[in-house]
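Asker: Pasted the sequence and its predicted model underneath.
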Amino acid sequence: MSTDRYFLLGNPVSHSKSPFIHTTFAEATAQSLLYATRLCPLDDFAGQVQQLWQEGCLGMNVTVPFKEQAPALCQVLSPRVALAGAANTLYLRDGKVCCDNTDGIGMMQDILVNLGWQVAAKRVLVLGAGGAVRGVLQPLLQARPREVVVANRTAARAEALADVFAQTAAEQDCQIRGCGFTDVGDQSFDLIINGTSASLQGELPPLPASVVASTTAVYDMMYGAEPTPFLHWAEQLGAERGQDGLGMLVEQAAEAFALWRGIRPQTAPVIEALRQTLLASKA
């Protein structure tokens, strides 16, 4: 390949905004590269990864449902990946296949810097226990919240995930526990993060209304042309503010781009351009 090539691997993948994001990053930083999507068969993720390396690909992003399969294909795992068991960024370094997870860094950059929300000493409720949540818990805990409750439809999965991150939480003087949606308690939370995609299909977790107070901030990792059903639900319960995950999408991409190219692009113009594109699509 004469031009450096990077790919996003997933199933489905055609809807992804990543090609636009990385192409814009490349133009802004004067980097010569091509970024494309690759639809992977559900039963041959490893084969697709190996084929792309053989074709001269220099790096890959990984999206659903393959993030938890990716670490097994790498020789060097970042501490984030080793803890979370999920990776979204693959790259070559010193002849070895390396991987990292930039989701959590991207989310916290959006929450703490772009939005200016406070996390330190706050009570945080995280919904879901899949790969998306696995990837964000360590950076979230490193922001030193007072308490993190991981709630999931299957309580055992949330409990197991809390156990994985118990040591990290203790190092930050934070309490963490896992439970079912109906067992979160009747206290309100300062921040609620939705790491499930259920609301996009119109399903909302059976949470008590008491989790939302007039001071609660709500963050949905999903995004769309309009506020997600989860954000609508929180607004109806009187949440102070809400934000979708478009900023997280761009920020995690910027972290991956920096791993690949050694330069972190500016994200604000790309977030704004994507937002305008989404708004135009519903007009």
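Answerer: Thanks, I have it. Numbers count the residues shown, from 1 in each chain.

Asker: contacts and neighbour counts: CA atoms only from here.
Answerer: Will do.

Asker: check contacts around residue 151.
Answerer: Residue 151 makes contact with 125-129, 158, 178-181, 184, according to Cα atoms under 8 Å, 6 or more residues apart in numbering.

Asker: hmm, which two among these are most spread apart?
Answerer: With Cα to Cα as the measure, no two of those lie farther apart than 129 and 184, at 14.2 Å.

Asker: Of these two, which one has the most company?
Answerer: residue 129 (25 against 20; other Cα atoms under 10 Å).

Asker: ok, and the closest non-adjacent residue to that one?
Answerer: Nearest residue to residue 129, sequence neighbours excluded (Cα to Cα, 6 or more residues apart in numbering): residue 158, at 5.4 Å.

Asker: pretty sure the one you found belongs to a helix, no?
Answerer: Yes - counting by DSSP: H, G, I helix; E, B strand; the rest coil, residue 158 is located in a helix.

Asker: what's the spacing between it and residue 179?
Answerer: 6 Å (Cα to Cα, to the nearest Å).

Asker: anything in contact with each of these two?
Answerer: With Cα under 8 Å, 6+ apart, residue 158 and residue 179 have common neighbours 150-152.

Asker: all helices for this structure, in order.
Answerer: 18-28, 45-54, 79-84, 103-108, 131-134, 137-142, 155-164, 166-171, 229-236, 246-261, 268-281 (DSSP state H).

Asker: Among these, which comes closest to residue 189?
Answerer: helix 229-236 (11.8 Å).

Asker: what's the spacing between that closest one and its chain's center?
Answerer: What separates the centre of helix 229-236 from the centre of its chain is 20 Å, taken as Cα atoms, centre = their mean, to the nearest Å.

Asker: What are the contacting residues of that helix?
Answerer: 194, 199-200, 202, 204, 212, 218-220, 241-244.

Asker: so which of those residues comes closest to residue 261?
Answerer: Set against residue 261, the nearest of the contacts of helix 229-236 by Cα to Cα is residue 244 (27.6 Å).

Asker: Might you report the residue contacts of residue 245?
Answerer: Contacts of residue 245 by Cα under 8 Å, 6+ apart are 107, 219-223.
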